[in-house]
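Participant: Got a sequence here, can you build the structure:
(2 chains)
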Amino acid sequence: DSGVTQTPKHLITATGQRVTLRCSPRSGDLSVYWYQQSLDQGLQFLIQYYNGEERAKGNILERFSAQQFPDLHSELNLSSLELGDSALYFCASSVFVGATDTQYFGPGTRLTVL
Amino acid sequence: AQSVTQLDSQVPVFEEAPVELRCNYSSSVSVYLFWYVQYPNQGLQLLLKYLSGSTLVKGINGFEAEFNKSQTSFHLRKPSVHISDTAEYFCAVSDRAYNTDKLIFGTGTRLQVFP
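Facilitator: Model (predicted):
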């Protein structure tokens, strides 16, 4: 158990809908990352927040947005869902910023878009 | 742009045999390198990381990796595997030059250990 929690574990929804994925980082971790794992794209970095502020952006679609709240939990919002958005979404956290800091991954949320 | 290549999508091996999972990266500057393991229906767990110093890095569960700058490789090895090592293994890189925290992952290698 990494100490990173993600809810829900599974999510099944229809095209065009909007969903919110939630992540609680390890106690004391200030940095939160979101990654997407799909069969065709592999594991891809989406976005990083540090202490409530956006720090880095990756290949995140405009239909996707995220935020980190004062209690440091983070939410990833996916809207106008398409079939291709079906994937495993991971959240990771680290104490501070910097690539030397180990990223601890949560168990993921499996999103299925029908 | 950085990239990571894991040449083998699947590696079958018998229990107690040695194994090597290959990883090559493409970057013209200094990098940090990582190996993560993903057990079925679980998140990723860090096995080991290379930041600087000794090119031979020891990790958890008896795994080790060697950083080879001239060959831009970071192969993962274990001298004797167990059934419980069956999992997906991901190599990842982070580019020091851009001071970025994000990880660029390879496509993964599925290690299947047979009794």
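Participant: what sits against A:Pro8?
Facilitator: Contacts here follow CB atoms under 8 Å, 6 or more residues apart in numbering or on different chains; on that basis A:Pro8 touches A:21, A:109. Quick note: C-beta positions are derived from backbone N, CA and C, even for glycine.
Participant: Kindly provide the distance from it to A:Leu21.
Facilitator: Using CB to CB, to the nearest Å, A:Pro8 is found at 8 Å from A:Leu21.
Participant: Excluding sequence neighbours, find me the nearest residue to A:Arg22.
Facilitator: Closest residue in space to A:Arg22, ignoring its immediate chain neighbours: A:Thr7 at 4.9 Å, by CB to CB, 6 or more residues apart in numbering or on different chains.
Participant: residue closest to the middle of chain A?
Facilitator: In chain A, the centroid-proximal residue (CA atoms, centre = their mean) is A:Trp34; its distance is 3.2 Å.
Participant: A:Glu75 touches A:Cys23, doesn't it?
Facilitator: Yes: if you go by CB atoms under 8 Å, A:Glu75 and A:Cys23 touch, sitting 7.3 Å apart.
Participant: the more surrounded of these two?
Facilitator: A:Cys23 (26 against 16; other CB atoms under 10 Å in any protein chain shown).
Participant: Would you mind listing the residues in contact with the more buried one?
Facilitator: Counted by CB under 8 Å, 6+ apart, A:Cys23 has contacts A:4-6, A:32, A:34, A:73-76, A:91, A:93, A:106.
Participant: Number of residues surrounding the nearest residue to A:Gln17 once chain neighbours are set aside?
Facilitator: Nearest non-adjacent residue to A:Gln17, counting by CB to CB, 6+ apart: A:Leu81, 5.2 Å away. Using other CB under 10 Å, the number of residues around A:Leu81 comes to 20.
Participant: do the same with B:Ser70
Facilitator: Around B:Ser70 there are 5 residues (other CB under 10 Å).
Participant: Would you list the phi and psi of it?
Facilitator: Dihedral angles of B:Ser70 (phi, psi; degrees, to the nearest 10) stand at phi -70, psi -30.
Participant: and it, how far is that from A:Gln41?
Facilitator: 31 Å.
Participant: Touching, A:Tyr35 and A:Gln48? I think so.
Facilitator: No: applying CB under 8 Å as the test, A:Tyr35 and A:Gln48 come out as separate, 9.9 Å apart.
Participant: Give the helix, strand or coil label for the residue nearest to A:Gln17.
Facilitator: Following DSSP: H, G, I helix; E, B strand; the rest coil, we place A:Leu81 in the coil state.
Participant: Kindly report the same for B:Ser84.
Facilitator: Under three-state DSSP, B:Ser84 comes out as helix.
Participant: Please name the residues that touch it.
Facilitator: Per CB under 8 Å, 6+ apart, neighbours of B:Ser84: B:Val113.
Participant: Distance-wise, check it relative to B:Gly108.
Facilitator: According to CB to CB, B:Ser84 stands 18 Å off from B:Gly108.
Participant: Likewise for A:Gly16?
Facilitator: For A:Gly16, the distance to B:Gly108 - CB to CB - is 31 Å.
Participant: These two: which is more packed in?
Facilitator: B:Gly108 (21 against 10).
Participant: show me the contacts for the more buried one.
Facilitator: Applying CB under 8 Å, 6+ apart, the residues near B:Gly108 are A:42-43, B:6, B:9, B:38, B:88-90.
Participant: Now list the buried members of the residues you listed.
Facilitator: For the contacts of B:Gly108, a neighbour count by 16 or more other CB atoms under 10 Å in any protein chain shown gives the buried set as A:42-43, B:6, B:38, B:88-90.
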